[in-house]
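K.L.:
Sequence and computational prediction follow.
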Amino acid sequence: MQTEIENIFQKGLRKVEAPAAETKPVKKTGRRPANSFPYEEVFPAEIIALIRELNTVYGFPADFTSAAILVAFSVRIGNSYRLKFRDYFIASAVLYIMLVAPSSAIKSPPLDFIFRLFEQRERQLWELSKKEMEEREKWEGKTKTEREGEAEPPKPKERHIILQDFTSEALAVICDQNKKGVCIHSDELWSWLGNINRYSPSGSGATQYLSMWSGGKLKVIRRTKSPIIVENPFVSIIGGVQNAVLGDLFGDRRGENGFMDRMLPIMPEGLPVARWGEGDVEPELVERLRSALYRLLETSVVEDEKGYIYPTMLQFTPEADERVMQWHNEEHCVKLEQERDATYATAIAKLDIYALRFMLILHLLYWAVEEDTLEPQPYVGLRAVEAAIRLVDFFREEHRKVHAFVYDCGGRLRNELEKKVYEDLADKFSSAEGLEVALSHGMSERGFYRFTAEERGVFKRLKAGLYEKL
């Protein structure tokens, strides 16, 4: 298991007495069919009811709404809390989630609906930044004599919660000025991944996100200005991608450097065409979720003069600690040993880190939704642990599905046209023979040569102009 420990976090550790034994583990209801997101097993009743209504009224896939809610709580926890396991491992609430579905599926609307709950807060932040800009511009427009006796107003800050379009330099500035954290919401992850390496052909853009996932620094080197170094950036990511480009996502070194291993995929099978229901979503359910998110929104981040942050440290109850150890050693590690040769082995190896992150998020989610106490309990209990383990089981299966799609033949043949052309080609064929078959099915010449490119893994180039099926 990887460590995310930073020495600075030790200063935020609270000294509290462990509570008595717990008696409230999560109630298990069994695995849902087709490995659906187990929202009925891990979320409180109010959130379950909202997810169901959004599915019934607007046709939002429950898996995607659930993911959006999980990430929304992740970003509102941000740098305010960490979970400490024993004396070594420190878990943040950072999540990288990828929603996989055809272009006809409803991926963006559930995300838009959930993140729209932050609109009021975003407007407040913008008004504050706007006021700072106006004061700064007014001061800079004065002469030196006019400024005498006046205090210099602070430089305006860029305050954000949700990001969609930005450069790597802008992200560093935003993370530096939003210590609690931000969320990247991308409708099309494929385009976003292309953009993060736009100015770094070597792939250093993706490397920055690998570092941030692990709790490392965000560093941007600029030619004409001093570098930007953010000690404790918090960035969660969620976005959609089409099944057809999954193979491309694992290319361009992203599969090799471990970037895709850190993306938690959600790829529902057999999504029905969305139908609208009667009526509207119960406003009280929406307001309950908004109130819970805003409750976490107000939790603060302690920062020193050098920019280091000191999150409040949570720990496990004795029973929860024992269950985490038992799960990791007797369940998780056994499965890793059984599947160490699978293409998804490195991806599921990251799930023990994600397990701790889920435990942190769910513990604080339960407090924000259900409890009347001013502060959450400093000890994470069995309920959050069991629910997080259930989420790990879900994402393990999703990794299997995605890797089967990408690396098995069914994944390499991305549509019906490619399947028909492949079936009609001889085991060995020349370029001219293959192009004739492709054109007869309506595949363009350019499309055919892309199809036969060796990196696709569908054909082997024996020599110039001669190919063999794989």
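P.N.:
Alright, I've got the coordinates.

K.L.:
ok, now which ones touch Phe234?
P.N.:
Listed by C-beta atoms under 8 Å, 6 or more residues apart in numbering, the contact set of Phe234 reads Val75, Gly78, Asn79, Ser92, Ala93, Val94, Cys175, Lys179, Lys180, Gly181, Val182, Met212. Placement of C-beta: from N, CA and C, glycine included.

K.L.:
repeat that with 7 Å
P.N.:
Neighbouring residues of Phe234 by C-beta atoms under 7 Å, 6 or more residues apart in numbering: Gly78, Asn79, Ser92, Val94, Lys180, Gly181.

K.L.:
cool, and Ser431?
P.N.:
By C-beta under 7 Å, 6+ apart, the residues touching Ser431 are Gly465.

K.L.:
next one: Glu122
P.N.:
With contact set as C-beta under 7 Å, 6+ apart, Glu122 has these partners: Ile161, Ile162.

K.L.:
try Glu416
P.N.:
Neighbours of Glu416 in contact, by C-beta under 7 Å, 6+ apart: none.

K.L.:
before we move on, what about Ala91?
P.N.:
Glu4, Arg82, Leu83, Phe85, Ile353, Leu356, Arg357, Leu360.

K.L.:
tell me the contacts of the fourth one?
P.N.:
Okay, so that is Phe85. Neighbour list for Phe85: Ala91, Phe316, Val324, Leu356 [criterion: C-beta under 7 Å, 6+ apart].

K.L.:
Quickly list what it is bridged to.
P.N.:
In this entry, Phe85 is beta-bridged to Phe89, by DSSP bridges.

K.L.:
that older thread, which of the contacts of Phe234 tops the neighbour count?
P.N.:
Among these, the one with the most neighbours (other C-beta atoms under 10 Å) is Ser92, at 29 neighbours.

K.L.:
Isn't it up against Gly215?
P.N.:
Yes. Using C-beta atoms under 7 Å as the test, Ser92 is close enough to Gly215 to be in contact (6.0 Å).

K.L.:
among the contacts of Phe85, which are in strands?
P.N.:
Of the positions in the contacts of Phe85, Ala91, Phe316 sit in strands, assigned by DSSP state E.

K.L.:
Tabulate the contacts of Phe85 (a markdown table), appending pLDDT.
P.N.:
Supplementary listing: the contacts of Phe85 in a markdown table, determined by pLDDT from 0 to 100:
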| residue | pLDDT |
| --- | --- |
| Ala91 | 96 |
| Phe316 | 97 |
| Val324 | 97 |
| Leu356 | 98 |
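
K.L.:
picking that back up, let's have the contacts of Phe234 in a markdown table, adding pLDDT, secondary structure and distance to Ala388.
P.N.:
As requested, the contacts of Phe234 are exported to a markdown table (pLDDT from 0 to 100; DSSP: H, G, I helix; E, B strand; the rest coil; distance: C-beta to C-beta, whole Å):
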| residue | pLDDT | secondary structure | distance to Ala388 |
| --- | --- | --- | --- |
| Gly78 | 95 | helix | 19 |
| Asn79 | 95 | helix | 20 |
| Ser92 | 97 | coil | 14 |
| Val94 | 97 | coil | 15 |
| Lys180 | 90 | coil | 22 |
| Gly181 | 92 | coil | 20 |
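
K.L.:
how about the strands in the stretch 301-450 of the chain?
P.N.:
Under the criterion DSSP state E, counting those that start in this stretch, strands of the stretch 301-450 of the chain are mapped to 302-303, 309-310, 312-316, 379-380, 428-430.

K.L.:
residues near Phe113, how many?
P.N.:
With other C-beta under 10 Å as criterion, Phe113 counts 17.

K.L.:
To clarify, my last question referred to Glu41.
P.N.:
Using other C-beta under 10 Å, Glu41 has 19 neighbouring residues.

K.L.:
so what does the strand or helix carrying it touch, helix or strand wise?
P.N.:
Applying DSSP states H and E as the criterion places Glu41 in helix 39-42. Packing contacts for helix 39-42, counted by 3 or more C-beta pairs under 7 Å, 6 or more residues apart in numbering; DSSP states H and E, involve helix 45-58, helix 382-407.

K.L.:
What's the first helix or strand after the shortest one?
P.N.:
The first helix or strand that comes after helix 45-58 along the chain, using DSSP H and E, is helix 62-77.

K.L.:
CA atoms of that following helix as CSV?
P.N.:
Taking only C-alpha atoms (Å, rounded to 0.1, in the frame of the first residue of the first chain), the coordinates of helix 62-77 have been written out as CSV:
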residue,chain,number,x,y,z
ALA,A,62,-28.3,6.0,-10.8
ASP,A,63,-24.6,5.0,-11.2
PHE,A,64,-23.7,8.4,-12.6
THR,A,65,-25.8,10.4,-10.0
SER,A,66,-24.2,8.4,-7.2
ALA,A,67,-20.7,9.1,-8.5
ALA,A,68,-21.4,12.9,-8.8
ILE,A,69,-22.6,12.9,-5.2
LEU,A,70,-19.6,11.1,-4.0
VAL,A,71,-17.2,13.5,-5.7
ALA,A,72,-19.3,16.6,-4.5
PHE,A,73,-18.7,15.5,-0.9
SER,A,74,-15.1,14.8,-1.7
VAL,A,75,-14.4,18.3,-2.9
ARG,A,76,-16.2,19.9,0.0
ILE,A,77,-14.2,17.9,2.5
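
K.L.:
That concludes my questions; thank you for your assistance.
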